[in-house]
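*Asks:* Give the three-dimensional model of this entry:
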Amino acid sequence: MSLRLDVQRLQMYTSFFVLIVWLMCSSIEAQPGGRKAAGVLTLDGYSFPKIVDGSHNVVVKFGTGNDYSEGAEQWDRLGHELMDKPDIVLAEVTLSSGGMDDDYDMYGYGGVGSDGDDETGNEQLLAQFNISPDSLPQFRLFLKGSDQSQPLSYSTDKYGDLLSFIQSNGIYLGLEGCLREFDDLAKAFVNSFNDQSKRDQVGETAKKEMNKYDAKGAASDEVNLKSAKYYIKVMAKMVASNNMRWVETEIERLAKILMSGNLNQTKQQWFQQRLNILSVFAGALDPDAQKNEL
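*Replies:* The predicted structure follows:
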């Protein structure tokens, strides 16, 4: 069985759990005038500067309220996937599309009152960032600490999907149980596997990083310590078997156990976290398969 197939199977298992949560949350009735995606803040011209102030990485979707396209569903799913990620905020600025369900804006002026005033300030926001209402939806990434008047524009031709766009600009979106520094070490370990000296050096660095999470470490954290130990265990297993592709068998084994339904909630969470960590090693072994996950 190829590693590509295993990584795709892992993606399917992970997507299954995300989909269940998404379906449950999407049953909540949307607010009048359009969609209401969980994990996504709704902003207008007045709340916008309170959130997009340079203190967070923020992706803003400038769109219409009654967007039920495939792209809108992907945006909703992204909100669920990233809702617990501390390094990114997702938000929407919505102009009314003037649909039949839009009782408060029946002429589709996007929050412009009967006297011509832009009551929400949303049209002014679009003008501020040179976005034409005819070009919606549009996405902008406001990076933390950057000039908020010069956001990055998302283009499918240049970046592919939104997740790739976010990550390509240095924002860490690790899966549950993953640690940023250990993700980098896992990739370095795989890339240096056939060079024992470099491989051992990566292993030693990993142990030093792990020690900072123990009870006497500078960043004591039992949860992170458990994850760090598992990264190192995977490295050790790969060395002991003298086979980088050991992760294939382990992904297959853990996934079968997880899908059996015989684990309690705590064990399910840990099995999923282990699969997430293994996927980092698998992605380094087969970068093309990792791109397909995004």
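*Asks:* Can you pull the phi and psi angles for residue 155?
*Replies:* Backbone torsions of residue 155, given as degrees, to the nearest 10, read phi -140, psi 130.
*Asks:* pLDDT wise, what is it at?
*Replies:* On pLDDT, residue 155 comes in at 79.
*Asks:* For whichever strand or helix holds residue 50, give me every contacting residue.
*Replies:* For residue 50, the host element (DSSP states H and E) is helix 48-51. Residues outside helix 48-51 that contact it (Cβ atoms under 8 Å, 6 or more residues apart in numbering): 41, 43, 58, 89, 91, 93, 121, 125. Where you see a C-beta, it was placed from the backbone N, CA and C, and this is true even at glycine.
*Asks:* Go again with 7 Å.
*Replies:* By Cβ atoms under 7 Å, 6 or more residues apart in numbering, the list of residues contacting helix 48-51 from outside reads 41, 43, 58, 89, 91, 93, 125.
*Asks:* buried sites along it?
*Replies:* Buried residues in helix 48-51, counted by 16 or more other Cβ atoms under 10 Å: residue 48.
*Asks:* ok, then the element right after that helix?
*Replies:* Once the chain leaves helix 48-51, the next helix or strand it forms, by DSSP H and E, is strand 58-64.
*Asks:* helices or strands next to that following strand in the packing?
*Replies:* Contacts defined by 3 or more Cβ pairs under 7 Å, 6 or more residues apart in numbering; DSSP states H and E place strand 58-64 against strand 89-95, strand 138-142.
*Asks:* Quick check: phi and psi on the residue positioned nearest the centre of the chain?
*Replies:* By Cα atoms, centre = their mean, the mean C-alpha position of the chain lies nearest to residue 82, the distance being 4.3 Å. Main-chain dihedrals, residue 82, degrees, to the nearest 10: phi -110, psi 10.
*Asks:* helices and strands of this protein: which one has the lowest mean pLDDT?
*Replies:* helix 287-293 (a mean of 47; mean pLDDT, DSSP states H and E).
*Asks:* Give me the pLDDT for the closest residue to the residue nearest to the centre of the chain other than its chain neighbours.
*Replies:* In this structure, residue 82 finds its nearest non-sequential neighbour in residue 88, 5.6 Å apart by Cβ to Cβ, 6 or more residues apart in numbering. pLDDT recorded at residue 88 is 94.
*Asks:* The residue lying closest to residue 121 once chain neighbours are set aside: neighbour count?
*Replies:* Counting by Cβ to Cβ, 6+ apart, residue 121 lies nearest to residue 45, which is 1.7 Å off, once chain neighbours are set aside. Counted by other Cβ atoms under 10 Å, the residues lying close to residue 45 total 18.
*Asks:* and what of residue 253?
*Replies:* Residues within reach of residue 253, counting by other Cβ under 10 Å, total 10.
*Asks:* any idea how far the strand or helix carrying it is from the chain center?
*Replies:* Secondary structure assignment for residue 253, by DSSP H and E: helix 246-260. In this view, helix 246-260 has its centroid 23 Å away from the chain centroid, taken as Cα atoms, centre = their mean, to the nearest Å.
*Asks:* next one: stretch 51-61
*Replies:* Here stretch 51-61 is found 15 Å from its chain centre; the criterion is Cα atoms, centre = their mean.
*Asks:* I'm done for today, thanks for sticking with me.
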